[in-house]
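>>> structure of the sequence below:
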Amino acid sequence: MLDTLSEKFSDAFRGLAGKSKITEENIEGALKDVRTALLEADVNFKVVKEFIEKVKVQALGEKVLRGVQPGQQFVKIVQDELTALMGGGHQELNFNVPSPAVILVVGLNGAGKTTFSGKLALHLRGKLKKDPYLVPADNFRPAAKDQLLTHAKNIGVDYFDSDLSQTPAQIVTAAIAAAKLARKDVVIIDTAGRLQVDDDLMAQLVAVRNAANPVEVLFVADAMTGQEAVNVAKVFHEKVALTGVVLTKMDSDARGGAALSIRHATGVPIKFVSTGEKMNELEPFHPDRLAGRILDMGDVVTLVEKAQEAINEDEAMGMMKNLERGRFTISDFVKQMETLNRLGSMGSLLKMIPGMGGMLRQMGDLSGAEGEMKKMRVMINSMTKKEREETKLLKEPTRVARIARGSGRTEGDVREFLQKFEQMEKMMVGMMSVMKGGAMPQLPGMGPVKGFRQAPKDANAFMGQQPAKPKQGKFGKKYF
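Numbering: from 1, shown residues only. You can find the predicted model right below:
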């Protein structure tokens, strides 16, 4: 999502490189390119016009700071205005009410209301330590109840077994009464939708809102629909007084118009974005962080937060102890893959690292690399527990043949994986040696790295290398 917009912004700023100061003449081209990029991203033309005017006024009124290039300062101005356009700061859900707090989830069919309801329940339980209660109130599409109950069971959250012969308002009244008896903190109500806005839908939602008296009314919008999502949000806001917006399918090829327009057009803050199909792929919306991603500045804060959630401290400590003993097993490798899987897709993670957006565009589709990891996992699943802990056993041809048959791969594939794992093992153990004050592991054709002391003999022996002998050069000893 937003890859095209990010690329066009980068192209727009390139023309400012090498300029000594910001003038109306040298930012005119950049502003024109930014305007075009926003319009192509399906941002409302009135929003674009106002945004460009603000950036221009700010840029021409700013004094260039000493030590900061004009181009860099212009990018910072654009980032600040993008952040302001999307709401300025993150807004939390309101729980300042007696329990249970009721959250009403509304929107059109296909936007992802039911899946978001499940994701929100998981998020509230994990992040805020709430005890959520899921309520299917969509009697227009009976399959929605089955879908929500499946999510509830998969994530281990309680749910209300709605009687779909009742009206949505009756269902909600009964569900809230049950939640109070069960002493639940939060009630999440998944309401009915339609393919388009109609009077029957709105009348039904108004009745549900009156019965539920929700503290939050969250409108779920499909980010791929662009300006249409903004127009629909306006109608819902007029009828049921929205308190927040959720953008789904942000991992898709959405152009970004909804994310950049919806707050300005409705005055309703974006509170969450859905970044994938997995139940844990839901992020609180931070305008400054999204602005940073658009401008290829990354989002290290979100990356660190994801890592803190995904990394199992006991598993990490166990692997560190193994590495201290000079061991890195296939079991350790599996745990690393599981951690990466919990963090999200490889592409989404790399985009959070500053400067990686442009590199990713050059690299293209990363699905091939992710596919290779899945193949590795299948081969590992065909190994015994002992083989994962003692890789030397896998030198036996009969074991290789058995793993190949069990995983549906060739013996050559298994040997190739073992060769790659051996290289990774050397690298991981070598990195631990550096952390303990040893030398950087030597790669073929490369001597010790300047700045690290000589490694002990056993470390070099493990890496299969001999300490490099210094050569006499014109300016003294050298190692390369």
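>>> pLDDT score assigned to the residue nearest to residue 385 when sequence neighbours are not counted?
Take residue 385 and drop its neighbours on the chain: the residue closest to it by Cβ to Cβ, 6 or more residues apart in numbering is residue 331, 7.8 Å away. Glycine gets a C-beta too; all of them are placed from N, C-alpha and C. You'll see residue 331 listed with a pLDDT of 86.
>>> OK, contacts around residue 331?
385, 388, 389 (Cβ atoms under 8 Å, 6 or more residues apart in numbering).
>>> likewise residue 27?
Neighbours of residue 27 in contact, by Cβ under 8 Å, 6+ apart: 16, 56, 59, 60, 74.
>>> show the buried residues in these.
Among those, those classed as buried by 16 or more other Cβ atoms under 10 Å are 16, 59, 74.
>>> who's in contact with the first one?
If you count contacts by Cβ under 8 Å, 6+ apart, residue 16 has them with 26, 27, 30, 70, 71, 74.
>>> among the residues you listed, which two are most distant?
Greatest spacing in those, by Cβ to Cβ: 30 and 70 (10.6 Å).
>>> between those two, who's got more neighbours?
residue 30 (24 against 21; other Cβ atoms under 10 Å).
>>> could you pull out the buried residues of the helix or strand hosting the more buried one?
Using DSSP states H and E, residue 30 sits within helix 24-40. For helix 24-40, the neighbour count (16+ other Cβ under 10 Å) marks 26, 27, 30, 31, 33, 34, 35, 37, 38 as buried.
>>> what's the answer for stretch 376-396, then?
376, 377, 379, 380, 382, 383, 387, 388, 391, 394.
>>> next: stretch 239-257.
For stretch 239-257, burial by neighbour count (16+ other Cβ under 10 Å) applies to 239-240, 242-251, 254-257.
>>> measure that stretch end to end?
Taking Cα to Cα, to the nearest Å, stretch 239-257 runs 23 Å from one end to the other.
>>> pLDDT averaged over that stretch - what is it?
On average, stretch 239-257 scores 82.
>>> residue ranges with poor pLDDT in the stretch 1-150 of the chain?
1-3, 17-20, 62-70 (pLDDT under 70).
>>> helices of that one, start to end?
Assigned by DSSP state H, counting those that start in this stretch, the helices in the stretch 1-150 of the chain fall at 3-14, 24-40, 45-61, 70-85, 113-127, 143-155.
>>> of those, flag the one that's most buried.
helix 113-127 (a mean of 22; mean count of other Cβ atoms under 10 Å).
>>> list the contacts of it.
Under the contact criterion Cβ under 8 Å, 6+ apart, helix 113-127 has outside partners 103, 105-107, 130-132, 134, 136, 138, 144, 147-148, 151-152, 154-155, 157, 185-186, 188-191, 193, 218, 220, 246, 248, 272, 274, 277, 279-282, 309.
>>> about what we covered before: any chance of the contacts of residue 16 in TSV, plus distance to residue 422?
Output for those, formatted as TSV (distance: Cβ to Cβ, whole Å):
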residue	distance to residue 422
26	54
27	54
30	50
70	51
71	46
74	49
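>>> between those, which is nearest residue 410?
Nearest to residue 410 among these: residue 71, at 52.2 Å, using Cβ to Cβ.
>>> pretty sure that closest one contacts residue 10?
No. Residue 71 lies out of contact with residue 10 (Cβ atoms under 8 Å); the separation is 11.3 Å.
>>> output stretch 279-286 as PDB, restricted to C-alpha atoms.
Provided in PDB are the C-alpha atoms of stretch 279-286 (Å, rounded to 0.1, in the frame of the first residue of the first chain):
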ATOM      1  CA  MET A 279      -5.600 -12.000  13.200                       C
ATOM      2  CA  ASN A 280      -2.600 -10.200  14.800                       C
ATOM      3  CA  GLU A 281      -2.100  -7.900  11.800                       C
ATOM      4  CA  LEU A 282      -3.900  -4.900  13.200                       C
ATOM      5  CA  GLU A 283      -2.100  -1.700  14.100                       C
ATOM      6  CA  PRO A 284      -3.300   1.400  16.000                       C
ATOM      7  CA  PHE A 285      -3.100   4.300  13.500                       C
ATOM      8  CA  HIS A 286      -0.300   6.800  14.100                       C
END
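>>> now do the contacts for residue 421.
Going by Cβ under 8 Å, 6+ apart, residue 421 touches 330, 333, 391.
>>> next, format the helices of the stretch 1-150 of the chain as a markdown table and append distance to residue 411.
A markdown table is the format used below for the helices of the stretch 1-150 of the chain (distance: least, Cβ to Cβ, whole Å):
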| stretch | distance to residue 411 |
| --- | --- |
| helix 3-14 | 40 |
| helix 24-40 | 51 |
| helix 45-61 | 59 |
| helix 70-85 | 53 |
| helix 113-127 | 42 |
| helix 143-155 | 37 |
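>>> out of those, which comes closest to residue 324?
The nearest among the helices of the stretch 1-150 of the chain, by Cβ to Cβ, is helix 113-127 at 31.5 Å.
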